[in-house]
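What follows is a predicted structure for the sequence shown.
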Amino acid sequence: MSPRAIALLLVVVSVAVIGGVATGATSPIETHQTIEIALQSDGDARWQITTTLTLRNETDRVAFEQVADRYEDGRIESQGLQSARTAADMAAASTGREMAIDEVEYRAEHGGDAGELTVAFTWENFARVEDDAIHIGDAFATDDRWLAELGANQTLIVDPPSGYGPTDWPYGVENGQSRIEGPHSFESGALSGTFVGGVGVGALGWVPALVLVFVVVLGLGWWLYTRRPEDDEPVPSPDPDDEPAPDPDLLSDEERVEALLDRNGGRMKQAAIVEETGWSNAKVSQLLSEMAENDRIDKLRIGRENLISFPDEGFED
């Protein structure tokens with residue numbers, strides 16, 4: 001291994017991921033870490049901890065490839081994974097819920113001037129679930145308070161499941177995710193809140209919601225009446241090839257991915273799906289894994305990227 005790769009390796013293994021500051025004191029290599037927590041309706045959470053390193057020249061890129069191979073093979077153990085296992089043990093003792101860290105996955109990707117090292121895992125019973133409400137926070141509220149702050153080069157992202165909205169989460173949700181940038185200190189109990197399924201209808205109540213639907217339908221009917229063609233004016237026949245694109249707001253997450261694939265010839269890179277949807281990497285990764293398990297898509301690993309396609313497209317090319 002080259003001296004530069006050794007220096008980069010020291011940065012990787014010395015970064016404190018959970019509750020600390022991501023720094024590389026042994027090297028001027030710049031780093032940033034993103035901690036993504038994708039909540040699931042059953043109380044599990046899919047975690048994804050990504051360390052992004054700035055690669056300034058070809059020497060850095062070659063060194064990164066040497067470290068990346070060892071990282072993906074599991075020969076370099078992530079400190080973030082170690083911290084998560086310790087935190088899960090403390091949280092299980094504190095909450096009384098059985099917890100485990102499993103489905104561990106290591107990934108390494110690079111492009112241009114940046115390289116990414118990612119460890120992903122499922123934290124079982126991370127949240128408390130009651131009916132259609134997901135309560136998070138008690139796993140953070142251990143005596144040790146293992147996530148008390150974010151460093152200046154750290155970001156925390158919380159992704160509620162599709163169709164869930166916050167009721168008392170203090171950090172807000174935009175484009176389906178809550179994003180907290182460091183540096184940031186969390187007071188005791190600050191990282192807690194509830195996400196409820198169907199919160200949009202629940203917030204309005206059924207009666208106001210029905211009234212709103214009635215008003216919309218009535219207004220649409222009046223608009224169509226006033227726009228009707230005159231008796232002697234020919235009505236143009238619809239063009240069968242001119243099919244309107246579906247409204248993304250009316251599609252489920254799975255249907256939105258399928259619509260993207262359909263518009264792109266049945267195949268897309270996973271990174272392109274992240275860019276098109278604006279969702280987080282963790283949410284897209286979890287969603288595509290579920291769709292692959294249900295045979296709605298196929299995934300193929302090519303180098304440092306995933307190629308996504310419809311099952312009937314194949315990967316012969």
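Yes, it's here. Numbers count the residues shown, from 1 in each chain.

those helices in the protein, which residues are they?
Assigned helices in the chain, in chain order: 3-14, 58-72, 79-95, 199-204, 206-226, 253-263, 270-277, 281-293 (criterion: DSSP state H).

Where among the ones you listed is average confidence lowest?
Looking over the helices of the chain, mean pLDDT reaches its minimum on helix 199-204, with a mean of 43.

Relative to the whole chain's centre, how far out is stretch 72-80?
Here the centre of stretch 72-80 is set off from its chain's centre by 21 Å, with C-alpha atoms, centre = their mean, to the nearest Å.

Show me what counts as buried in that stretch.
Under the neighbour-count criterion of 16 or more other C-beta atoms under 10 Å, stretch 72-80 has 72, 76, 78, 79, 80 buried. Where C-beta positions appear, they are placed from N, C-alpha and C, glycine not excepted.

ok, so of the residues you listed, who is nearest residue 104?
If you rank these by distance to residue 104 using C-beta to C-beta, residue 78 comes first, at 8.8 Å.

Roughly how far does the spatially closest residue to the closest one that is not a sequence neighbour sit from residue 48?
Leaving aside its sequence neighbours, residue 78 sits nearest to residue 119 (C-beta to C-beta, 6 or more residues apart in numbering; 4.1 Å). Using C-beta to C-beta, to the nearest Å, one obtains 8 Å as the distance from residue 119 to residue 48.

And residue 311, by the same measure?
26 Å.

more crowded one of the two?
residue 48 (24 against 11; other C-beta atoms under 10 Å).

Quick check: that one vs residue 149, distance?
Relative to residue 149, residue 48 is positioned 20 Å away (C-beta to C-beta).

Thought residue 72 was touching residue 109, still the case?
No. Under the contact definition of C-beta atoms under 8 Å, residue 109 does not touch residue 72, with a separation of 9.8 Å.

any idea which of the buried residues of stretch 72-80 is closest to residue 98?
Within the buried residues of stretch 72-80, proximity to residue 98 (C-beta to C-beta) peaks at residue 80, which comes in at 22.0 Å.

from memory the closest one sits against residue 49, does it?
Yes. At 4.0 Å, residue 80 and residue 49 qualify as touching, with contact defined as C-beta under 8 Å.

low pLDDT regions in the stretch 1-150 of the chain?
Across the stretch 1-150 of the chain, the ranges flagged by pLDDT under 70 are 1-28.

Please enumerate the strands of it.
In the stretch 1-150 of the chain, the strands defined using DSSP state E, counting those that start in this stretch lie at 31-39, 45-54, 100-111, 114-124, 128-130, 133-136, 149-150.

Return the list of strands paired to the longest one, each annotated with direction.
Each strand paired with strand 100-111, and its direction, by DSSP bridges: strand 114-124 (antiparallel).

ok, residue 85 - contacts?
For residue 85, the contacting residues are residue 101, taking C-beta atoms under 8 Å, 6 or more residues apart in numbering as the criterion.

Residues in a beta bridge with the closest residue to residue 157 other than its chain neighbours, which ones?
When the adjacent residues along the chain are set aside, residue 157 lies closest to residue 36, with 4.4 Å between them (C-beta to C-beta, 6+ apart). Under the criterion DSSP bridges, residue 36 forms beta bridges with residue 48, residue 157.

quick one: residue 36 and residue 279 touch, right?
No. Here residue 36 does not reach residue 279: they are 10.4 Å apart, not a contact under C-beta under 8 Å.

Find residues that contact each of those two.
The contact lists of residue 36 and residue 279 share residue 159, where a contact means C-beta under 8 Å, 6+ apart.

if we can go back for a sec, now tabulate the strands of the stretch 1-150 of the chain in CSV and tack on distance to residue 165.
CSV is the format used below for those (distance: least, C-beta to C-beta, whole Å):
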stretch, distance to residue 165
strand 31-39, 12
strand 45-54, 17
strand 100-111, 27
strand 114-124, 22
strand 128-130, 16
strand 133-136, 11
strand 149-150, 24
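
between those, which one is nearest to residue 257?
strand 31-39 (15.2 Å).

Extract the C-alpha set from the closest one and format it as PDB.
Once side chains and other backbone atoms are set aside, the C-alpha atoms of strand 31-39 remain, and they are given as PDB (Å, rounded to 0.1, in the frame of the first residue of the first chain):
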ATOM      1  CA  THR A  31     -13.900  14.700   5.100                       C
ATOM      2  CA  HIS A  32     -17.600  15.100   5.600                       C
ATOM      3  CA  GLN A  33     -20.000  12.500   7.100                       C
ATOM      4  CA  THR A  34     -23.700  12.000   6.600                       C
ATOM      5  CA  ILE A  35     -25.700   9.900   9.000                       C
ATOM      6  CA  GLU A  36     -29.000   8.900   7.400                       C
ATOM      7  CA  ILE A  37     -31.800   7.100   9.400                       C
ATOM      8  CA  ALA A  38     -34.600   5.700   7.300                       C
ATOM      9  CA  LEU A  39     -37.400   4.800   9.600                       C
END
